[in-house]
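1. Got a sequence here, can you build the structure:
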Amino acid sequence: MSLLCYCSLFLIAAIGFTELRAQSPFHFVDSANLAGLTVPHFDGGSQEPYLPALMVTGLALFDYDGDGWTDVYLLGECELFSSQKQSTPRLHPCGNTLYRNQGDGSFVDVTEAAGVRSGGFALGVVAADIDNDGDQDLATSNFGATELYINNGDGTFERVYLEASESKRTTPFGAGIACLDIDNDGFLDLFVSQYVDFSVERYNEVAPKSFPYPPGPKDFNPSIDTLYRSLGDGTFSDVSETSGISRFPGPSMGVVCGDLDGDNDADIFVCSDANLNQFFVNDGTGKFEDQALLAGLAFDVNGNANGSMGVEAGDYDNDGHIDLLITNYSQQLPVLYRNLGSGLFEDVSRRTRVGREVFAHTNWGVGLVDFDNDRNLDVFFANGHFLKNMKSIDDRSAYRVANTLMANDGRGRFSDVSKSSGPGLEVVESSRGAAFGDLDHDGDIDCVLLNANAKPTYLENRSPAIGSWIDIRLVGTRVNRDAVGAKVQIAAGGHKQVAMVHAGRGYQSHYGTILHFGLGTAASVDQIEVTWPGGVVESFASHATKGTLILVQGKGL
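-> Down below sits the predicted model:
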C-alpha cells in the first residue's frame, strides 16, 4: 500500500475519532477539591494483604438533616487488628466521614458533631428511615458487628450494635447491606451479606501457597448472610435461620432488594465472589428460597460463576421491568441481566455491548443512570484492582485505572464515551464505591466515588444538552415511610418509564432514594402511577417538569 493510502486512512480514522468525541452528550469535571471533599480513604495500613483491606468499601448519598440537599457519607477503616504493623502513615482520623451539603457547591465535615465516625472497619452502608420517624438513619456492615446509627433529628446520631445469633461464632465479615420490608408490616428490616470466615490463622496457613495472589475467597469457608427483622420498637431479631437465608452460604458481596419477580413482595439479589449468585425469592411471609438457577441469575450466559462485586437495578430498555447489572473481576465481562418478567432473566451483555471496554479491569461500583435526561439509562463503571502490584502480574490492567462511562443509544446498546466526556473521566485511581445523585440541584445527576487510599472523586455533571426532568420522593403512610420497595411508572411525551425505590445498592453503597426521571423534550408528566409495597396501586395527577414532586400515600386521585 502506498504512503498516500496510509496517510488517507490515518486522516479518515482521525476525523472519525474526532466526530465520535464530539458526539458525546456528557461532560464531567472533578470538583472534589473545590467542594471540600478532601479527606482521603484509609484501608487500615496493614503490611499484609488481608481480604477486608483489599475489598475496601462504599459510600452513601442521603439527606441526613432534612434540608433538601444531598449529603455525603464516606466509609473508611481503622486498624484491622490492634497489633498489626502499619505500612502507611495516617494524616487524618480513621473511620467514616460525613459531609454536610451547604447548598452553595461546598461541603463541610460534620462527622464528630454528628457522632458517626466509628472506630471499626466499615465495608458497606445503607441509609433509610428505619424507625419511621421522618429522618434518615444509617447502618453499616463491618468486619465485626453491624452498626446502626439512629438519627436523633437534631443533627446527631445514636449508635447501636446489632448482634447475630449465637450460632454464628466467627467474626462477621459484612459486605453489601440493604433495607427491605420482608413481610410488608410497615417496618424496614435489614439484610447484611457476609463474605467469608476470615481469620489470620487461616491466612497464614494459606499465604505461602498462594503466590503471586494473596489468599482469596476460595481459601476460606463461605459465610452465612444475616437477616434482621424489625420488631417495630427500634429493636431487631436475627431471623436468618427461620427465614431460610442461612441455608444458602456464599462469599456474598453487593446486594439489591425489591420486587424482582412481580408478585408484590421484596426479593433479595446477592453477588457472590467466584461462586453462584443468589436470588432469594420471598414467599410473601418473609420466608426465602434461593432461585438463582431457575431465574437465570446464578451464572453468566457461558455458565461461568464470576467474581461478582456490585449490582445495580434499573430498566435499561424501558420495557417496564427492572433489570440487573453486575460488575465482575478482571478478564470477565460485566453481566447485564434483562428481566423477562415472572422471575426470569436473560444475560444480554454481548447483545447490548455493555462493558466490553472494561473486560481487562476489575469493576466495583456501578450505576444505571440517565446522565443527560434523554429518558434512557446510561452506565457507569468504577474500576480499579485491589492489588497494588497488579501491573507486574498482568500488564493488561493496573491498581489505578480510569473509570468508564457508556451511553445508551435508546435502542438497547451502549458505547464507551469516557474519553470524550470531560476531565472528570480522566481521573486515575483505584475506585470502589460509586453513588449517584443531583448534589447541586441543577437537574442532572452527579457522581461521587470512593477511591482506595485516596481522596474521593466528585464528578460534577456539566453536560451541555440536558433534557427536561422530574424528581419524585415517596412518603408512605401505610407502608414504611421511605416507601422502600415501591415502584413508580410515569408517562411523559408519549414514553413510559419505571423506577423502584431501593435502600442499598451498587458496590456496598446507597443512593437514589429520590427517583430521578429524564424526560427529553417533554414539558410535563402526563401520568404517575405508584405501586406501593404490597401491591396497592395509586394514581397521581400530572405535573410540570424540572422540580421535586413529593407523593404521599393516600393523597392520589
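2. So residue 361 sits against residue 386, correct?
-> No - under the criterion of C-beta atoms under 8 Å, residue 361 is not in contact with residue 386, lying 11.3 Å apart. (Glycine included, C-beta is placed from N, CA and C.)
3. When these two are compared, which one has more neighbours?
-> Legend: neighbour count by other C-beta atoms under 10 Å for residue 361 and residue 386, higher for residue 361 (27 against 22).
4. which stretches of the stretch 451-557 of the chain form strands?
-> Read by DSSP state E, counting those that start in this stretch, the stretch 451-557 of the chain holds these strands, from start to end of the chain: 457-461, 468-475, 487-492, 495-500, 515-520, 524-525, 527-531, 537-540, 543-544, 548-552.
5. between these, which gets nearest to residue 304?
-> Judged by C-beta to C-beta, the one of the strands of the stretch 451-557 of the chain that comes nearest to residue 304 is strand 495-500, at 27.7 Å.
6. May I have the closest one exported as CSV, CA atoms only?
-> Extracted C-alpha coordinates of strand 495-500, given in CSV (Å, rounded to 0.1, in the frame of the first residue of the first chain):
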residue,chain,number,x,y,z
HIS,A,495,-43.0,7.5,26.6
LYS,A,496,-43.2,5.4,29.8
GLN,A,497,-40.5,4.8,32.4
VAL,A,498,-40.4,2.9,35.7
ALA,A,499,-38.1,3.0,38.7
MET,A,500,-38.0,1.4,42.1
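7. what about residue 255, helix or strand, and which?
-> Following DSSP states H and E, the helix or strand that holds residue 255 is strand 252-258.
8. Hey, what's the angle from that strand to strand 495-500? Just curious.
-> Computed by axes from the mean of the first three to the mean of the last three C-alpha atoms, to 10 degrees, the angle separating strand 252-258 from strand 495-500 equals 120 degrees.
9. Each with direction, which strands does strand 252-258 pair with?
-> For strand 252-258, the paired strands and their directions (DSSP bridges) read strand 267-272 (antiparallel).
10. For the strand it pairs with, could you pull out the residues that count as buried?
-> Along strand 267-272, the positions that meet the burial threshold by neighbour count (16 or more other C-beta atoms under 10 Å) are 267, 268, 269, 270, 271, 272.
11. thought the first one was touching residue 260?
-> Read that as residue 267. Yes - when contacts are counted by C-beta under 8 Å, residue 267 is listed as touching residue 260 (4.8 Å).
12. list residues touching both of these two?
-> Shared contacts of residue 267 and residue 260, defined by C-beta atoms under 8 Å, 6 or more residues apart in numbering, are found at residue 279.
13. Could you pull out the helices in the protein for me?
-> Using DSSP state H, the helices assigned to the chain run over residues 3-22, 32-35, 51-55, 111-114, 200-206, 292-295, 349-352, 390-393.
14. What spatial separation is found between the closest residue to residue 141 other than its chain neighbours and residue 299?
-> The shortest distance from residue 141 to any residue that is not its chain neighbour, by C-beta to C-beta, 6 or more residues apart in numbering, is 2.7 Å, and that residue is residue 174. Note on residue 174: its distance to residue 299, by C-beta to C-beta, to the nearest Å, is 25 Å.
15. ditto for residue 473
-> Taking C-beta to C-beta as the measure, residue 473 falls 37 Å from residue 299.
16. Could you check which of residue 174 and residue 299 has the larger neighbour count?
-> The neighbour comparison of residue 174 against residue 299 (other C-beta under 10 Å) goes to residue 174, with 28 against 16.
17. OK, contacts around residue 351?
-> Residue 351 touches 412, 413, counting by C-beta under 8 Å, 6+ apart.
18. thinking again about what came up before, distance to residue 108 and pLDDT for the buried residues of strand 267-272 - can I get that in JSON lines?
-> Putting the buried residues of strand 267-272 into JSON lines (distance: C-beta to C-beta, whole Å; pLDDT from 0 to 100) gives the following:
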{"residue": "267", "distance to residue 108": "39", "pLDDT": "98"}
{"residue": "268", "distance to residue 108": "36", "pLDDT": "98"}
{"residue": "269", "distance to residue 108": "36", "pLDDT": "98"}
{"residue": "270", "distance to residue 108": "36", "pLDDT": "98"}
{"residue": "271", "distance to residue 108": "34", "pLDDT": "98"}
{"residue": "272", "distance to residue 108": "39", "pLDDT": "97"}
